[in-house]
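Visitor: Sequence first, then the predicted structure:
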Amino acid sequence: MAEVSASPLFFALAAPAEVRALAGRFQDVVRMTSSQARFPDPDGLHLTLAYLGRMAPDQVPALLALAAEAARPCPGFTLRTAAVGGFPRPGRTRILWLGFEPQPALEVLAGRLRAALRSGRVGFDEKPFLAHLTLARFREPVDLGGTAFPVLEPCAFAVRGIGLFRSLPGPHGSQYQLLGEAELG
């Protein structure tokens with residue numbers, strides 16, 4: 001297990017290489033049309049299941065045990081990318097994201113993980129779960145309502161486990177370090 005100081009931690013599914021490449025190509029197109037956007041490194045793209053915030057290093061083993069408890073009954077499944085969207089809404093977008101086709105197994109996994117965290121009395125961001133990868137952040141809200149984005153070819157990938165990551169701030173954005181994984185049953 002990697003050495004960790006009190007840093008922001010989160011559970012997530014790391015985006016595989018083919019999804020990172022797809023997202024990177026999309027970011028390149030958006031980069032040409034917006035000077036006010038910041039783009040996360042495609043190599044760090046992930047689908048957050050639960051954001052925990054700052055946690056002490058000695059909590060990592062217990063967190064991984066809770067994730068294993070949540071993941072064990074869940075079989076592996078496939079996710080498939082879908083549409084691009086914006087938070088909080090297209091007319092006032094601050095975050096541009098890539099979404100996924102509905103996948104009940106993902107919803108079950110996220111629900112089980114969040115329930116395990118609650119039962120273990122681990123605090124986390126309780127915002128409703130919405131499966132997405134963040135592609136860009138805008139300094140000021142933008143209206144994306146009439147934007148013609150390139151059509152993205154859907155990309156499917158297998159999900160076999162949950163990762164516990166820590167966020168490491170850097171001069172060019174955050175980097176993410178995998179601390180451990182919990183395999184799906």
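Guide: Arrived safely, thanks for sending.
Visitor: which residues sit in contact with the residue nearest to the spatial centre of the chain?
Guide: For the chain, the residue sitting closest to the mean C-alpha position, by C-alpha atoms, centre = their mean, is Leu47 at 2.2 Å. Neighbouring residues of Leu47 by C-beta atoms under 8 Å, 6 or more residues apart in numbering: Ala12, Leu13, Ala15, Leu79, Phe100, Ala131, His132, Leu133. No exception for glycine: its C-beta is placed from N, CA and C like everyone else's.
Visitor: Which element, helix or strand, includes it?
Guide: Applying DSSP states H and E as the criterion places Leu47 in strand 46-55.
Visitor: Farthest-apart pair in the contacts of Leu47, please.
Guide: Spanning the widest gap among these are Ala12 and Phe100, at 13.4 Å by C-beta to C-beta.
Visitor: And the strands in this structure, which stretches?
Guide: Using DSSP state E, the strands of the chain run over 7-14, 37-38, 46-55, 77-87, 93-100, 132-142, 156-159, 161-168, 175-183.
Visitor: As TSV, these with mean pLDDT and distance to Leu106 would be great.
Guide: Compiled in TSV, the strands of the chain are given as follows (pLDDT from 0 to 100; distance: least, C-beta to C-beta, whole Å):
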stretch	mean pLDDT	distance to Leu106
strand 7-14	96	8
strand 37-38	88	27
strand 46-55	96	8
strand 77-87	92	6
strand 93-100	92	7
strand 132-142	91	11
strand 156-159	96	7
strand 161-168	96	11
strand 175-183	96	15
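Visitor: Between the ones you listed, which one is closest to Arg118.
Guide: strand 46-55 (10.1 Å).
Visitor: in the closest one, what's buried?
Guide: Of the residues in strand 46-55, those with enough neighbours to count as buried (16 or more other C-beta atoms under 10 Å) are His46, Leu47, Thr48, Leu49, Ala50, Leu52, Met55.
Visitor: which two from the residues you listed end up farthest apart in space?
Guide: When those are compared pair by pair using C-beta to C-beta, the farthest-apart members prove to be Leu47 and Met55, with a separation of 19.9 Å.
Visitor: Among the contacts of Leu47, which one lies nearest to Asp143?
Guide: Relative to Asp143, and with distances defined as C-beta to C-beta, the nearest of these is His132, at 19.6 Å.
Visitor: Please give me every residue in contact with the closest one.
Guide: Neighbouring residues of His132 by C-beta under 8 Å, 6+ apart: Leu47, Gly85, Trp97, Leu98, Gly99, Phe100.
Visitor: likewise Gln27?
Guide: Applying C-beta under 8 Å, 6+ apart to Gln27 gives the contacts Phe39, Pro42, Leu135, Ala136.
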